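Peer 1: Pasting a predicted model and its sequence here:
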Amino acid sequence: MRSSAALTSPPWAAGQSGFHPPLASGSAIELEPPADVAVMRATYVDPDWARRGLGSLLVRVTETAATLAGFEHFEALCTPASEALRRGFGYRVLERVDVPLTDTVSISMAHMRKELVPAFAPAGSGAP
């Protein structure tokens, strides 16, 4: 087993620029989300810890935090592996994005979105 941390996951970004995958040119893809969209900027589970539920836990925790903060939507730019995971949580593909990793290599990623269920009903909404 590696001595590195089991996982890292920077928090979702609120009202900040969207997706920032690193590109060979040193630039980044900029997608500006609307104010009601929380964006998962990056999630990583060390391969030594894969298939133990950590990715699912990260999805649940970040969605819950975004919901409690009042966001209505959650977005992520997903690799093929994370796309499969997020589909299982009800995400849909908005678009496919080819992200160049080097001058000759790129990866197809899925820009995905999920509608969040409000954590609290607004006062006077009639909801329980």
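Peer 2: Okay, I see it.
Peer 1: Heading C-terminal from the helix or strand harbouring residue 56, find the next helix or strand.
Peer 2: Assessed by DSSP states H and E, residue 56 sits inside helix 54-68. Per DSSP H and E, the first helix or strand lying C-terminal to helix 54-68 is strand 73-78.
Peer 1: quick one, helices of the chain?
Peer 2: 54-68, 80-88 (DSSP state H).
Peer 1: Mean neighbour count and mean pLDDT for these - can I get that in a markdown table?
Peer 2: (Each C-beta comes from the backbone N, C-alpha and C, glycine too.) Converted to a markdown table, these look like this (neighbours: other C-beta atoms under 10 Å; pLDDT from 0 to 100):
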| stretch | mean neighbour count | mean pLDDT |
| --- | --- | --- |
| helix 54-68 | 16 | 90 |
| helix 80-88 | 16 | 91 |
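Peer 1: Please name whichever of the ones you listed is nearest to residue 101.
Peer 2: Relative to residue 101, the nearest member of the helices of the chain by C-beta to C-beta is helix 80-88, separated by 13.9 Å.
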